[in-house]
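Student: A structural model of the following input is requested.
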Amino acid sequence: MGRGKIEIKRIENTTNRQVTFSKRRGGLLKKANELAVLTDAQIGLIIFSASGKLYQYHSPSSSMEEIIDGFLKAENIHFDNLNSHQQLHSEITKIRHETDRLQLSLKQITGEDLTGLTVNDLNQLEEQLEFSVSKVRTRKHQLLNQQLENLRRRVNKPISYIIMSIKFSHLLH
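Tutor: Numbering: from 1, shown residues only. Take a look at the predicted model:
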């Protein structure tokens, strides 16, 4: 005859609750021992009853202190990773603020968002733009001069080639 499935909820009757606690605690300790023996795992199990009584189990190959030390070391690694995540989050936040600032500056330079700027701010922006225009004009003139020089070379090259061809053909005749 099979057992019926029970609903997992708090047992209201204190006697039944204590009996269930004792039986399930024994089963849990037995399973912990089997797992430790079969797999050579380090297991530490701590149980406090409703009345505050302590029950514990540790693997035969180690003490509860060793298991707790291992747990604390593993948690410190976890906390170190958490600190790394917090540092990354902080760095991302800084980069977002910098990006927002640069986008606002770009909008101001292009004249899209001039709200909130004082006359002094607008004068500085105007000076920056005039300086930038000067640099752009200088670069444009450099490129135009380079293109003009390249065109002159191309034009002079065929003319000198034609002149040499004519001279060479006169020598043959």
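
Student: just so I have it, where are all the helices in this structure?
Tutor: Assigned by DSSP state H, the chain shows helices spanning 14-39, 64-109, 119-172.

Student: Would you mind giving the domain segments of this structure?
Tutor: 10-62, 63-115, 118-173 (automatic domain parsing).

Student: Arg3 is nearest to which of those domains?
Tutor: Among those, domain 10-62 comes nearest to Arg3, with 12.8 Å by CB to CB. Where you see a C-beta, it was placed from the backbone N, CA and C, and this is true even at glycine.

Student: so how far is the closest one off the chain centroid?
Tutor: With CA atoms, centre = their mean, to the nearest Å as the basis, domain 10-62 stands 41 Å off its chain's centre.

Student: Do you know the pLDDT at Ile162?
Tutor: Ile162 carries a pLDDT value of 62.

Student: before we move on, what about Leu172?
Tutor: 57.

Student: State the distance from the residue most central in space within the chain to Glu98.
Tutor: By CA atoms, centre = their mean, the mean C-alpha position of the chain lies nearest to Leu88, the distance being 6.3 Å. Distance, Leu88 to Glu98, by CB to CB, to the nearest Å: 15 Å.

Student: now do Asn33
Tutor: Here the criterion is CB to CB. By it, Asn33 lies 58 Å from Glu98.

Student: Pro60 too?
Tutor: Taking CB to CB as the measure, Pro60 falls 58 Å from Glu98.

Student: quick revisit: for the domains of the chain, which one ends up most surrounded?
Tutor: Among the domains of the chain, ranked by average contacts under mean count of other CB atoms under 10 Å, first place goes to domain 10-62 (a mean of 12).

Student: how long is that one end to end?
Tutor: Terminal residues of domain 10-62 are spaced 34 Å apart (CA to CA, to the nearest Å).
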